[in-house]
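In: I would like to see how this sequence folds:
(chains A and B)
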Amino acid sequence: MSILSMRDIHAGYGGANILNGVSIDIEAHEIGVIIGPNGAGKSTTLKALFGLLTVSEGSVTFDGADITNDNPETLVRRGLSFVPQEFNVFPTLSVRENLEMGAYVRRDDFRPLIEKIFEYFPPLRDKHRQPAGELSGGQRQMVAIGRALMMEPKLLLLDEPTAGLSPRYMGEILERVIAINESGVGILMVEQNARQALAIAHKGFVLAGGRNSFTGTGQALLDNPEVAESFLGGGAH
Amino acid sequence: MEDVGLLAAMPINEIVFFINKVVIAGLIIGSVYALAAVGMTLVSGILRFANFAHGDIMTLGAFVAFVLTMLMPGLGAMVGLPTAFVVMPLAMVVTAAVTIFLDKRFYAPLRTVGYKPITLVIASFGVMLMLQGVIRLFFGTAPRQMYVTAKDIYRVPFGGRDIIVTEPQLLLIVFTIVSVVALHLFLTRSRTGKAMRAMSDNADLARISGISTGHVVRTTWIIAGSLAAAAGTLLAMDVSLKPDLSFNLLLPIVAAMIVGGVGQPYGAISGGLLVGFTETLSVFNWAILLRPLKPHLPEWLEIPANLAFVPTEYKLVVPFFILVAVLIWRPHGIFKGRVL
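Out: Numbering: from 1, shown residues only, chains lettered A, B, ... in the order given. Next comes the predicted model:
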């Protein structure tokens, strides 16, 4: 059974809808990747899913429950975590405090989990007392993903985790995403670097104009000449 | 050496006068500003608007303490402290409850609809005027005394002269130190304190992390309201209680908050002390310190009778000047805060 299923979602920021019928299905433990041109509604899809804007039509089911328009606090408790693209750390809080904030709703001892996150992202261990705002872009991204993992989510939503990163960090972050997924966490991410992202995806969703235009396995989308032509910057391999 | 002669002839009278008029007085008024500004800056950081009713929350807290004092005047004598100080914790609780009520009734509805911060600032002017009206309605405009008995005055001998501190001043200084330490521990050690800093940093991300923003907002009002009540009560104990007790302090408090960087509690504390000391240094008559140096100064130099930078009655221009200067040269404050 799919862990997440969005059915024919319509949503927007008050005015005209940006999403005009987006459907997404992810099985537990899968990596799903959303690609598409600017303004296609990729980030909006994640925000609508996470209750940050109102879904006017359609439904979202997560882990067997209807979560359409639930607020973020409820969703976090249900096992859904979201890493926004920008402003995704608390700049004046230390790295450790950022991670603690990710576990705000937990009442148990989560210190072992902080250790686990330092194992995923070793550079954070040495800098755990440093304000997150002083870190490099790549390390900030690690803090942001680490914060989202503190709830031990079933599904992690990532909005362009590699945006603005140097190629070195880009590869490192994608590698970590695979490792996180292998530990049993489902991933749904939006990516600009469509080729690299589809290469690691179990499932890909191509959005255009606020609706699905192609859906398939990552490999199938990479091999689809139409997708390559329109969304992957030409068929040149 | 010339210097040795100068030291031997240390003008003790003048130095003690300076300590009383500038150091003690600056510490007192600076502590009041600090206690008030720290609450205002926490509210500004988390709710993104300057709450101009904050000054009158202080007055309200002082009046609550006054009423409680009148209800149980004998309470202080039992523990050897002024009654107003003994009932102050209760006044802080009542004032905190009032601020939460004011937020629910006036600010929260505007926030949920998503109005811009400036709308909330204007609303806070309305709340300010309303509070002033309500206080005058019940208590009139006459000044009142918070003390049931006479104020204790402590004299610390210093080279034959006395450094003078009154009991309410001493209580104010002790209370300020204790509350600053407590606030520091709360903000850096407790789960809710860290969540407050997180929300001040990035409210959207706080929500995404599952932080209960309603809980954080309530806590912020409780801290701001109770510290304001304490500052108002302690100030009224030092001077006297009037309905315009702290409305006139609004400008220096806002200056302290902005100097320290909006949203920065440590900045607000240092900003409060900075504004307080600058005020007392500006109105101090420097001629008094220069007069003993007269024999060492050239003949032609006349020391004027009054050498204060600012006449006492224009004291309010000092924080105003600081405010303008900071906004021009360091709009983020000394501790990098946000621009409102």
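In: wait, what's in contact with B:Arg207?
Out: Residues in contact with B:Arg207 (C-beta atoms under 8 Å, 6 or more residues apart in numbering or on different chains) are A:Pro72, A:Glu73, B:Thr213. Yep, even glycine has a C-beta here, placed from its N, CA and C like the rest.
In: can you get me a residue count around B:Val181?
Out: Per other C-beta atoms under 10 Å in any protein chain shown, the neighbour tally for B:Val181 reads 10.
In: secondary structure element for it?
Out: Assessed by DSSP states H and E, B:Val181 sits inside helix B:167-189.
In: give me the mean pLDDT for that helix.
Out: Across helix B:167-189, pLDDT averages out at 96.
In: quick one: list the elements packing against it.
Out: In terms of contacts (3 or more C-beta pairs under 8 Å, 6 or more residues apart in numbering or on different chains; DSSP states H and E), helix B:167-189 is packed against helix B:25-47, strand B:153-158, helix B:191-201, helix B:213-238, helix B:265-283.
In: possible to save the contacts of B:Arg207 as a markdown table with neighbour count, pLDDT and distance to A:Asn88?
Out: Compiled in a markdown table, the contacts of B:Arg207 are given as follows (neighbours: other C-beta atoms under 10 Å in any protein chain shown; pLDDT from 0 to 100; distance: C-beta to C-beta, whole Å):
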| residue | neighbour count | pLDDT | distance to A:Asn88 |
| --- | --- | --- | --- |
| A:Pro72 | 21 | 91 | 14 |
| A:Glu73 | 19 | 89 | 18 |
| B:Thr213 | 17 | 91 | 17 |
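In: quick one: which of those is nearest B:Ser200?
Out: Of all the contacts of B:Arg207, B:Thr213 has the smallest distance to B:Ser200: 11.4 Å, by C-beta to C-beta.
In: now the residue lying closest to that closest one once chain neighbours are set aside: which helix or strand?
Out: Closest residue to B:Thr213 apart from its sequence neighbours, by C-beta to C-beta, 6 or more residues apart in numbering or on different chains: B:Arg207 at 5.7 Å. Secondary structure from DSSP H and E places B:Arg207 in helix B:203-208.
In: in PDB, list the C-alpha atoms belonging to that helix.
Out: Presented in PDB, the C-alpha positions along helix B:203-208 are these (Å, rounded to 0.1, in the frame of the first residue of the first chain):
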ATOM      1  CA  ALA B 203       8.800  31.500  12.600                       C
ATOM      2  CA  ASP B 204       7.900  29.500   9.500                       C
ATOM      3  CA  LEU B 205      10.500  26.900  10.200                       C
ATOM      4  CA  ALA B 206       9.500  26.700  13.800                       C
ATOM      5  CA  ARG B 207       6.000  25.800  12.600                       C
ATOM      6  CA  ILE B 208       7.300  23.200  10.200                       C
END
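In: what residues of that helix count as buried?
Out: B:Ala203, B:Leu205, B:Ala206, B:Arg207, B:Ile208 (16 or more other C-beta atoms under 10 Å in any protein chain shown).
In: give me the most central residue, chain A.
Out: In chain A, the centroid-proximal residue (C-alpha atoms, centre = their mean) is A:Leu158; its distance is 1.7 Å.
In: any idea how far A:Thr217 is from that residue?
Out: 19 Å (C-beta to C-beta, to the nearest Å).
In: cool, A:Val95 as well?
Out: A:Val95 is 36 Å from A:Thr217, by C-beta to C-beta.
In: so those two - more neighbours on which side?
Out: Shown here are A:Val95 and A:Thr217; by other C-beta under 10 Å, A:Val95 has more neighbours (31 against 13).
In: which ones are touching the residue in chain A that chain B sits nearest to?
Out: Chain A approaches chain B most closely through A:Val76 (3.3 Å), counting by C-beta to the nearest C-beta. Taking C-beta under 8 Å, 6+ apart, we find A:Val76 in contact with A:Val105, A:Met151, A:Pro153, B:Ile208, B:Ser209, B:Gly210.
In: what is the burial count for the closest residue to the third one other than its chain neighbours?
Out: Looking back up the chat, that one is A:Pro153. Setting aside the residues directly before and after it, A:Pro153 is nearest to A:Ser81 in space (C-beta to C-beta, 6+ apart), at 3.9 Å. The local packing of A:Ser81 (other C-beta under 10 Å) involves 26 other residues.
In: whichever strand or helix holds A:Ser81 pairs with which strands?
Out: Using DSSP H and E, A:Ser81 sits in strand A:80-83. Strand pairing for strand A:80-83, using DSSP bridges, gives strand A:155-159 (parallel).
In: what's in contact with the following helix or strand past the strand it pairs with?
Out: Heading C-terminal from strand A:155-159, the first helix or strand you meet, by DSSP H and E, is helix A:167-182. Residues outside helix A:167-182 that contact it (C-beta under 8 Å, 6+ apart): A:29-31, A:120-121, A:136-138, A:141-142, A:145, A:149, A:156, A:158, A:161-162, A:165, A:187, A:189, A:193, A:196-197, A:200.
In: those residues in strands, which ones?
Out: Per DSSP state E, strands hold the following members of the contacts of helix A:167-182: A:Ile31, A:Leu156, A:Leu158, A:Ile187, A:Met189.
In: and the first one, how far is that from B:Asp244?
Out: Pointing back at A:Ile31 there. A:Ile31 is 65 Å from B:Asp244, where distance means C-beta to C-beta.
In: these two: which has the busier surroundings?
Out: A:Ile31 (25 against 15).
In: and for the nearest residue to the more buried one once chain neighbours are set aside, the neighbour number?
Out: Once flanking residues are discounted, A:Ile31 sits nearest to A:Ile187: 4.5 Å by C-beta to C-beta, 6+ apart. When counting by other C-beta under 10 Å, one arrives at 23 neighbours for A:Ile187.
In: where's A:Glu100, which helix or strand?
Out: Taking DSSP H and E as the definition, A:Glu100 sits inside helix A:95-102.
In: tell me the angle of that helix relative to helix B:191-201?
Out: 100 degrees (axes from the mean of the first three to the mean of the last three C-alpha atoms, to 10 degrees).
In: check A:Ala103 and give its pLDDT.
Out: Reported pLDDT for A:Ala103: 94.
In: for chain A, what's its nearest residue on the stretch 151-300 of chain B.
Out: Closest residue of the stretch 151-300 of chain B to chain A, C-beta to the nearest C-beta: B:Gly210 (3.3 Å).
In: ok, for that residue, nearest residue in space, not its chain neighbours?
Out: In space, B:Gly210 is closest to A:Val76, 3.3 Å off (C-beta to C-beta, 6+ apart).
In: please apply the same query to B:Ile222.
Out: B:Ala96 is the one closest to B:Ile222 (C-beta to C-beta, 6+ apart), at 4.4 Å.
In: and that neighbour, what element?
Out: Using DSSP H and E, B:Ala96 falls in helix B:83-102.
In: tell me which residues of that helix come out buried.
Out: Buried-residue list, helix B:83-102, by 16+ other C-beta under 10 Å: B:83-88, B:91-92, B:94-96, B:98-100, B:102.
In: what's the lowest-mean-pLDDT helix or strand in chain A packed up against?
Out: The helix or strand of chain A with the lowest confidence, counting by mean pLDDT, DSSP states H and E, is helix A:225-231 at a mean of 85. If contacts are counted by 3+ C-beta pairs under 8 Å, 6+ apart, helix A:225-231 sits against strand A:203-208, strand A:211-216.
In: tell me which of those strands lies nearest to B:Ser179.
Out: The closest of the helices and strands packed on helix A:225-231 to B:Ser179 is strand A:203-208. By C-beta to C-beta, the value is 53.3 Å.
In: pLDDT on the closest one, on average?
Out: For strand A:203-208, mean pLDDT is 94.
In: got the contact list for it?
Out: A:22, A:24-27, A:30-37, A:40-42, A:45, A:197-198, A:212-218, A:220-221, A:227, A:230-231.
In: would you confirm that A:Gly216 contacts A:Asn224?
Out: Yes. Using C-beta atoms under 8 Å, A:Gly216 and A:Asn224 qualify as a contacting pair, with a distance of 7.0 Å.
In: near residue 49, how many other residues are there?
Out: Reading this off chain A. The local packing of A:Leu49 (other C-beta under 10 Å) involves 27 other residues.
In: my question was about chain B, not that one.
Out: Residues near B:Phe49, counting by other C-beta under 10 Å: 22.
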